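1. give me coordinates for this.
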Amino acid sequence: MEFGLFVQGYVGKQALTDPTAEHRALMNETEYVIQADKSGFKYAWASEHHFLEEYSHLSANDVYLGYLAHATERIHLGSGIFNPLAQVNHPVKVAEKVAMLDHLSEGRFEFGSGRGAGSHEILGFIPGVTDMNYTKEIWEETIAEFPKMWLQDEYVGFQGKHWSLPPRKIFPKPYGTSHPAMWYAAGSPPSYAMAARKGLGVLGFSVQKVSDMEWVLEQYKTAIQDAEPVGDFVNDNVMVTSTAICAETHEKAVDIAVNGGLNYLQSLVFRYHDTFPRPEGIPEWPEILPEYSAEIIELLIAEELMICGDPDEVLQQCKRWEQAGADQLSFGLPIGVSHEDTLTSIKLIGEHVIPKIDTDPVHRTTRFRGQAGA
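-> Residues are numbered from 1 along each chain as shown. Alright, predicted model coming up:
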């Protein structure tokens, strides 16, 4: 199992009172990715969201990832996601950005795509839509065109329901052989199977705990066996995300978690991701979850809903994800955790956890891409 970091420009309540909070959050998260690169993490994912106050202010993630391409050496940099709906980003512009970032990172870019966070975001670009499945139609029409834009000397062009383009040469072409690995941000069981049939890796942002892996893998790993890839190769990959706090002692980690604002982050998730099933006990915005106590944090750890503890405990918790079949585990870092404590988590995981689980020096997606270009 490989390891990643997930950043999204989460500002939280500070956005309402502190004029420097937005800048500080964005700059801190660049530092976290740079440290993750030094600490042996293989992937860093940057979201693309629009209009989601407090929850995610990282809208121009292509700019952000371009900076990180120069500031890092080994870590792969992924769009988690680029939104390729023509009403949000013209598909040709997306193809150009992916190839450009592939050059700037010298083959370290990962192309994750998706359809947006929910009605508030989607309706900002496509007003009047009453069925969120409408965006699936646009994405389905578009996704298979990207490899053609990258690999054909002159793209044959496209005439679809939602966008069109006459034959054109599209530059730059990706760096080296083939093209970046392709991923899809999936939320429901049918989405995992759909992505697998297209040969796409899955960004499992909706996987909450280890036991969720059972249905994820059943849907995905069965369908991937009969994949008809839209791209040059099958990216057989399931990435899942979890909150992670690692400290020198268990007590210190729990104390950090208690003060990390996890209840507010979780409330914002379901404020905006209104296409996700709402678990029992999650109130509707503007009502929020109560602040977490040490007892609640211990319960979340016991229920495998978060990774938290000293290095040995975090190692065992990560092994549970590996045993369940995750190909990649990426960590989200709560904004309420101090800059120093966040860097400590990254360093301790890099020193004590990653070397004992991820012993392959080569990125999984590098192998797939290399086989396609052989």
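
2. now do the helix or strand hosting Thr222, average pLDDT.
-> Using DSSP states H and E, Thr222 falls within helix 213-224. If you average the pLDDT over helix 213-224, you get 91.

3. for stretch 78-85, same thing?
-> 97.

4. return the list of helices and strands in contact with the strand or helix carrying His23.
-> Using DSSP H and E, His23 sits within helix 21-38. Judged by 3 or more CB pairs under 8 Å, 6 or more residues apart in numbering; DSSP states H and E, the packing partners of helix 21-38 are strand 2-7, helix 14-17, strand 43-46, helix 61-71, helix 339-352. For the C-beta atoms, the positions are set from N, CA and C on the backbone; glycine is no exception.

5. what comes into contact with it?
-> 5, 7, 9-12, 14-15, 44, 57-58, 64, 67-68, 71-75, 77, 333, 335, 339, 342-343, 346-347, 350 (CB atoms under 8 Å, 6 or more residues apart in numbering).

6. swap in stretch 308-326?
-> Contacts for stretch 308-326 (CB under 8 Å, 6+ apart): 1, 3, 210-211, 213-214, 217, 221, 238-240, 242-250, 253-254, 257, 297, 300-301, 304, 307, 329, 348-349, 351-353, 356-357.

7. re the thing from before, lowest average pLDDT across the helices and strands packed on helix 21-38?
-> helix 14-17 (a mean of 84).

8. ok, and what's touching it?
-> For helix 14-17, using CB under 8 Å, 6+ apart, the contacting residues are Ala21, Glu22, Ala25, Glu53, Glu54, His57, Ile335.

9. turn the buried ones among these into a named PyMOL selection, would you?
-> With 16 or more other CB atoms under 10 Å as the criterion, this PyMOL line picks the buried residues out of those:
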select buried, resi 21+25+54+57+335
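
10. would you turn the contacts of helix 14-17 into a markdown table with pLDDT and distance to Lys148?
-> Shown next, in a markdown table, are the contacts of helix 14-17 (pLDDT from 0 to 100; distance: CB to CB, whole Å):
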| residue | pLDDT | distance to Lys148 |
| --- | --- | --- |
| Ala21 | 93 | 42 |
| Glu22 | 94 | 38 |
| Ala25 | 94 | 38 |
| Glu53 | 95 | 37 |
| Glu54 | 95 | 39 |
| His57 | 96 | 34 |
| Ile335 | 74 | 40 |
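
11. which of the contacts of helix 14-17 sits closest to Asn133?
-> Comparing these against Asn133 with CB to CB picks out Glu53 as the nearest, at 25.7 Å.

12. quick one: the helices in the stretch 51-200 of the chain?
-> Ranges of helices in the stretch 51-200 of the chain, per DSSP state H, counting those that start in this stretch, are 61-71, 91-104, 119-125, 134-143, 145-151, 189-197.

13. for the residue nearest to Ala372 when sequence neighbours are not counted, give me its contacts.
-> Distances taken as CB to CB, 6 or more residues apart in numbering put Phe233 closest to Ala372, at 3.7 Å, once the chain neighbours are dropped. Shown in contact with Phe233 (CB under 8 Å, 6+ apart): Ser178, Ala181, Gly199, Phe368, Arg369, Gln371, Ala372.
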